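# Below: sequence and its predicted model.
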Amino acid sequence: MSSIKIENLYTAYDKADVLMDVSLAVEPGRITCLLGSNGAGKSTLIRSILGLTPPRAGRITVDGKDITGAPTHKVIGDGIACIPEGRRMFPKMTVSENLRLGAYQVRDEALIRERMERVFETFPRLAERRDQLAGTMSGGEQAMVSIGRGLMAGPRILLIDEPSLGLSPLYVKENFRIIESIRETGITVFLVEQNVRQTLAISDYGYVLSGGHLVAQGSAEDLRNDKEVYAAYFG
Ligand SMILES: Nc1ncnc2c1ncn2[C@@H]1O[C@H](COP(=O)(O)OP(=O)(O)OP(=O)(O)O)[C@@H](O)[C@H]1O
């Protein structure tokens, strides 16, 4: 099982510092969450891990290997997959075609089929609709396509950016249940969210980001019960 360690990270766009001295650990086989409001810098942290916006200073290691500023294809090749916010998928492609794109680095056709069957077991609704154009599905189903596509890469670590964004409560519940079941398969999950209550309900450990600084951390249970943190950052 894999882990990410981030040490004293500073990331900026042009001259505007967004992340300042951020240090955190994503522990193996667990769900670690990063909570924070709009503009706190959560997506920027994911961009830094993926090498899309390399940090100005600091260090990112995966299982002890330094990936700071490594090109995105190398980071993905090292077993990190990202499910972007906004359920991005290809609307004019079928469900199966969308899933297949998640395994674009895999040459072994049998392995691709095996992974796709596993995704269909996790999401029976996608199995029923495998030949349907993804753009014609409901928002919640598109979110499943997006998670499924991430799993097709066979990641050791999954970064998930705001999976609840724009979803109805029913789909939020279902998708969070699926994220929990992903942990059961041994995949390490880093979950970035604004939805505090439901995120802490499935996470093991959490960090709170505000204005580019880490302002709180603790076990999900401690954070859930921390009235001061709630009042200051989640109110
Ligand atoms: N490409 C960019 N160029 C310049 N500034 C950016 C860029 N992307 C984000 N920012 C700025 O960086 C800050 C943090 O943005 P970021 O998207 O990381 O926050 P977030 O916590 O993910 O918020 P959200 O929940 O809205 O996605 C914001 O002030 C934003 O305006």
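Great, that's in hand.
# Quick one: mean pLDDT for the longest helix seen in the chain?
Taking DSSP state H as the criterion, the chain has its longest helix at helix 169-184. The average pLDDT within helix 169-184 is 89.
# What's the local residue count around E193?
When neighbours are counted by other C-beta atoms under 10 Å, E193 registers 24. Backbone N, C-alpha and C define where each C-beta goes, glycine included.
# and it, backbone torsions?
Main-chain torsions, E193, degrees, to the nearest 10: phi -150, psi 160.
# wait, it sits on L167?
No. If you go by C-beta atoms under 8 Å, E193 and L167 don't touch, sitting 11.8 Å apart.
# From T185, how far out is the residue most central in space within the chain?
Closest residue to the average C-alpha location of the chain: I160 at 1.4 Å, with C-alpha atoms, centre = their mean. Distance of I160 to T185, given as C-beta to C-beta, to the nearest Å: 14 Å.
# what's the answer for G154, then?
Taken as C-beta to C-beta, the span from G154 to T185 is 11 Å.
# Comparing those two, which residue is more hemmed in?
G154 (18 against 10).
# The helix or strand where L200 lies vs the ligand: in contact?
Applying DSSP states H and E as the criterion places L200 in helix 196-202. No. Using C-beta under 6 Å from any ligand atom, helix 196-202 stays clear of the ligand, with a minimum separation of 12.7 Å.
# all strands of this structure, in order?
With DSSP state E as the criterion, the chain has strands at 4-13, 16-26, 31-35, 57-62, 65-66, 80-83, 157-161, 188-193, 205-210, 213-219.
# Just tell me which of these ends up closest to the ligand.
strand 4-13 (3.3 Å; C-beta to the nearest ligand atom).
# For that closest one, list every residue counted as buried.
4-6, 9-12 (16 or more other C-beta atoms under 10 Å).
# Name the residues that touch it?
Here strand 4-13 makes contact (C-beta atoms under 8 Å, 6 or more residues apart in numbering) with 17-26, 41, 44-45, 47-49, 53-62, 80, 157, 188, 190.
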